[in-house]
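A.B. asks: build me a structure from this.
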Amino acid sequence: MEDEPTILNHYNLTTLYPTAWPAEKDESDASDEDAPGPKKADLRRSKSRYSALERSGSDRRSLVPGSQKIGNGVENLVQKDEVDPLGGADSVVRILREKGLPVEEDSRLRNRFLLSSTTFSPTLYLSQVHANASTQSLLQGLDVLSRSIDQKSASLKVLVESNFERFVRAKTTIDNVYAEMRNQGVEPEEEKPKSHSRVTSRSSVQLRSPSGQGPLSPNRGINKPLPSDKKKHALAKESEYGVQGIKAPLIEVAVKAEEVWGPALGGREREESLKQALDSVENNRGIIEAGTTIADCIKRKDYDKMVQEYSKARKYADDARNIAETASSSQVSLTEGQIYQIVITGRMWTDVEDRISTFKRDIWKKLTNVQAYAISTAGRTSHEDYMSLISILLELGVEDSPIWVWLLSRYDYLKNKITQTFERSRVEIEVLRRRLANGEKPGASVVAAQLRGPSRHGQGDVSRALDTPQVTELWELIYAAIANLVSVPGGVLGEVLDFWEKAQSFIDGKVQRTLPNGIDGSSRRHHRLSTDGIRDLQNGAVELVDMLRDNVNSFFIEPPIEDVSLLFSPLTPNTPKSALLSPHDSRFQFDANNPPPPSPKRGESWEEFAFWPPYANSLSTVHYLGKLLSLIGVAASEMIALRPIGSGTSDRLKSLVAGARERSVRAACTAWSIDADKCCLMEDWTRPKEQRDTTKLPSAFNEYQMTVLQGIQKILYIPDATASRPVSTNVVTPPPSKLLMMVREHFVKSLYKVMSGMVENAESANDDGESDDVTGDLTIVNTTNADSRPIRLLLTLSNLRTLSTSTIPALTSNFEALFSCTLTSETPQIRTALSQHDTRLFTTYTTPTATSLTTLIFTGITSRTWAPSTPRPTEVRPYIYHALLSLVSIHTQVSTTTPSLTHPILSSLNETLSSAFLSAFTQRPRYPLPALMQATIDIEFVAQTLQQYTSERGVAAQSRTYELLDARTDEGARARLQEELAEMKGILKRLREGTRGEFGCFRRVRGGPPGQQQQQQQQQQQGYGAK
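C.D. replies: The predicted model follows:
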């Protein structure tokens, strides 16, 4: 509403809807009444002679509506709110309240925006109330203000014109009263015509006093005729203006009073001098209070007001100097007031200069140390800190350039921080490295769990599960140390880039546009940097980049340090330098007399690498080295993009990336080679749900290899750095061929090592049911008897075939895709190695059974009881049943362990039987008809029972056996055998039907899915066991 400010001012309210009676209203009412206290009759106070003229402002009511009462109870004429004098709004306070300024709580701040206040600040008023006003609106406001001033002047003129007649009547009345008093006691005929002028009334004839009679002479008036009683009281010169009658007594009293009270009243002169001094103090209050006001501004950190007060003090000094120079040049004596002004101004200026000099020293100190305390707070940043300090110094005027001093202090700060941060971090890394090196090596179960980690992704933080907590802790410390140096957000490199960005802005002159020029433009010369200064800044930026590069390069190239004495001399806390280092940790606090033991020299590969934690596996190595190389690559890209960086520094940055990459690849490949020997520990003899004829080793090895390959690929090519900036392609060069060859060789060797480890696991012997291999420490679940050597041979043989058919081809393809190369010569060698290991394990598993079958066949055929006693045999010999029952056991073991190997193993054993028959039958010279029939029944029964597992070599051996039998019989037996074939077929059919339960596992199940066939075979095997 439009009348809101008027209502609020009239009733002294802050809101149109108050919730309680304002306390200040009670105080205002109480101030109008008599103050409580002792009555005059009870207490008499001494009063000065001017007490009647003293009036207290608190005893008067303000006649100005909207006036406010300050803290001491005295009212002033400043209103609580005003209409915008430029005609913009009806309430200035409301506009300031909308902008968030606390004008209702802070009366001093509000008064600076009110035109009726003596502290009104036009600059502050325009910057806040009309911050967004255009030039046209400001010109219109000026017109409104001019009309307002003209209206007030016209009102005063009207006031004078309307009361002019009153002034005239008052003048006439005064003149009449004066004439009446003057003509008192004068005869009517002597009366003079009345006049309206006091000058005319005073032009009457004056009597001259006799000589020798002064006005204070006691004999004055003795020879003079006595006037009448009325005339002596007339207001005329001859009657001494009405005091002639009492003049003589007064003179006598004055003489006596002078004799008595003269000494006592001599202090009047001192009173007058004190009054003059007080007047001088009041007239020069600004000069006297200048030093105190500046000190108060410094204490309250009101630097804007301090600069204003300093400018006023400087003006006072200039005025006093001009007075003295003018008097000296014109040869004119100084007045007492001028002398007093010059004296107090000199004292004031000396005090102000001392205070400002001390303040400048404090500001210089803050400016040089602002780097160490650059902590952002609410509404204030480090940029505002140093810029405000520079602005204050430039405003006050200084000899040295605060811009240059800040840039140099910033450069020194960054230089010290780079050195101290790196040295401290390097010592902390070495302490943890020594502690880890002097500890125990991880056990087999721990290593196995770590290498199987990639196959269990998604179970928490992957980096935490890659290695032991101690190794991970050291890796994290190394990464944090490098990040503190070369990370752009939060690292020293980010501060270096920020330093150069600010330096470049000063070089270009962009920041100086907002800086003050100082008193009389004395600080304008500090706004521009000299050519030598710009060159020094560029060289300083290059030096900081070189320091970062050298520190990181030495950490990757040089061996671990030997001196860790830095930990024994901690810095004093709460100092700028102590803020540069990491906080003191109990892990790095040692007694100087008991330092951490040095790292042992056992010939380990990690002993020559300061960035490779002892006993770290390849998974954590490639993971953290990839992160470190990405950090270094991005940092090098950022550093090379700086304007002052030349070709020499660019080449050094490229060598930094290349050197760190080479050392990292060497460490990663070494860790890879060490872990490849331990990949056999991943074998826990458990089977995956989706593939029951293998263990989890092939899939775990595939995940492990892929993790390592991807990590090494990230180390070699540093994709994060190449994607950060276009210029980064000049920093991260393509990997050299020797590094690619190194990775290629270690990839092939890792395949060979895992194959050899698998074979060793399978062929390891057992003692008392416990495996002599390291895998005996592992938990075995979801599998058959893994302590059985034949079971391990079967599972390993199946794993090798999985590696050969799917795992290794997939790994090879991924390797070629990751590193853009082709394993042309290595692929046939890998296949050959796989074939050799497969043949070795196959032979190892089948040889015991083949030997037993051969012995059994040979013993049975060469036995004297083998030849039938009847002319027509109707049964197979017992050795046949024993041999087939052995194959039933093998079938049961293979089909329940690795079903995919059932056919090749039984086919091989069937070939063994065929070869055994051929070898055994060569031991008899002749075969009559009964022996020929028995041999035929034995051979055919085995051939028909194992018909599903017949191979070409078995058929060939069987054909040679029949040829051998045919060669060692006569024509008659041969002819009669043809006649008995029908009968022999019946016998074989009967025998097969009779052994269906025992040897049904060898029969092919026709119809139904393969799973049903396997289930029927298992049921037949269980039935045979029951019999």
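A.B. asks: which of the three states applies to residue 869?
C.D. replies: The three-state label given to residue 869 by DSSP: H, G, I helix; E, B strand; the rest coil is coil.
A.B. asks: next one: stretch 704-713 to chain centre, how far?
C.D. replies: Computed by Cα atoms, centre = their mean, to the nearest Å, the chain-centroid distance of stretch 704-713 equals 30 Å.
A.B. asks: touching it from outside, list them.
C.D. replies: 451-452, 454-455, 618-619, 621-623, 625-626, 665, 668-669, 672, 675, 679, 682, 743, 747, 750, 811, 814-815, 818-819 (Cβ atoms under 8 Å, 6 or more residues apart in numbering). Yep, even glycine has a C-beta here, placed from its N, CA and C like the rest.
A.B. asks: kindly report the same for stretch 828-846.
C.D. replies: Under Cβ under 8 Å, 6+ apart, the answer for stretch 828-846 is 748, 751-752, 755-756, 758-759, 762-763, 790, 793-794, 796-797, 800-801, 803-804, 808, 812, 823, 904-905, 908-909, 912.
A.B. asks: taking the contacts of stretch 704-713 one by one, which sit in helices?
C.D. replies: 451, 618-619, 621-623, 625-626, 665, 668-669, 672, 675, 743, 747, 750, 811, 814-815, 818-819 (DSSP state H).
A.B. asks: low-confidence ranges, the stretch 251-400 of the chain, go.
C.D. replies: Residues of the stretch 251-400 of the chain meeting the criterion pLDDT under 70: 262-270, 371-384.
A.B. asks: one more pass at 50, please.
C.D. replies: Across the stretch 251-400 of the chain, the ranges flagged by pLDDT under 50 are 375-381.
A.B. asks: do you have the strands of this structure handy? List them.
C.D. replies: Using DSSP state E, the strands of the chain run over 67-69, 75-79, 766-767, 770-771.
A.B. asks: comparing those strands, which yields the minimum mean pLDDT?
C.D. replies: Among the strands of the chain, strand 770-771 carries the lowest mean pLDDT, a mean of 39.
A.B. asks: around residue 159, count how many other residues there are.
C.D. replies: Residue 159 sits with 9 neighbouring residues when counted by other Cβ atoms under 10 Å.
A.B. asks: now do the one 5 residues further on
C.D. replies: Using other Cβ under 10 Å, residue 164 has 9 other residues around it.
A.B. asks: tell me how far it lies from residue 861.
C.D. replies: Between residue 164 and residue 861 the computed distance is 164 Å (Cβ to Cβ, to the nearest Å).
A.B. asks: I'd like to know how far residue 843 sits from residue 954.
C.D. replies: Remark: distance between residue 843 and residue 954 (Cβ to Cβ) = 17 Å.
A.B. asks: ok, the two, which is more surrounded?
C.D. replies: Ranked by neighbour count (other Cβ under 10 Å), residue 843 and residue 954 place residue 954 first, with 21 against 11.
A.B. asks: give me the pLDDT value at the more buried one.
C.D. replies: On the pLDDT scale, residue 954 is placed at 91.
A.B. asks: how about the nearest residue to the residue most central in space within the chain, chain neighbours excluded?
C.D. replies: Residue closest to the mean C-alpha point of the chain, counted by Cα atoms, centre = their mean, is residue 490 at 5.7 Å. Sequence neighbours aside, residue 483 is the residue nearest to residue 490 in space, at 7.3 Å (criterion: Cβ to Cβ, 6 or more residues apart in numbering).
A.B. asks: could you tell me how many residues sit around the one you found?
C.D. replies: Residues near residue 483, counting by other Cβ under 10 Å: 19.
A.B. asks: one more: residue 761?
C.D. replies: Residue 761: 22 surrounding residues under other Cβ under 10 Å.
A.B. asks: surely it meets residue 792?
C.D. replies: Yes: at 6.6 Å, residue 761 counts as touching residue 792 under the criterion of Cβ atoms under 8 Å.
A.B. asks: list the residues that contact residue 124.
C.D. replies: 112-113.
A.B. asks: contacting residues around residue 513?
C.D. replies: Residue 513 sits next to no residue when contact means Cβ under 8 Å, 6+ apart.
A.B. asks: pLDDT score assigned to residue 183?
C.D. replies: pLDDT at residue 183 comes out at 74.
A.B. asks: what's the answer for residue 932, then?
C.D. replies: Predicted confidence (pLDDT) at residue 932: the value is 90.
A.B. asks: number of nearby residues for it?
C.D. replies: Neighbour count of residue 932, defined by other Cβ under 10 Å: 22.
A.B. asks: again with residue 244
C.D. replies: For residue 244, the count of nearby residues is 20 (other Cβ under 10 Å).
A.B. asks: can you pull out the helices in the stretch 351-500 of the chain?
C.D. replies: 382-396, 402-437, 444-451, 462-465, 469-486, 492-508 (DSSP state H, counting those that start in this stretch).
A.B. asks: helices or strands next to the last one in the packing?
C.D. replies: Helices and strands touching helix 492-508, by 3 or more Cβ pairs under 8 Å, 6 or more residues apart in numbering; DSSP states H and E, are helix 402-437, helix 469-486, helix 531-557, helix 618-640.
A.B. asks: give me whichever of those is most buried.
C.D. replies: With neighbours taken as mean count of other Cβ atoms under 10 Å, those reach their highest mean count in helix 618-640, at a mean of 25.
A.B. asks: could you give the angle of that one to helix 492-508?
C.D. replies: With axes from the mean of the first three to the mean of the last three Cα atoms, to 10 degrees applied, the angle from helix 618-640 to helix 492-508 works out at 10 degrees.
A.B. asks: begin at 52 from now on, thanks
C.D. replies: With the count now opening at 52, the last piece we talked about shows up as helix 669-691.
A.B. asks: could you give the mean pLDDT of helix 669-691?
C.D. replies: Computed over helix 669-691, the average pLDDT equals 91.
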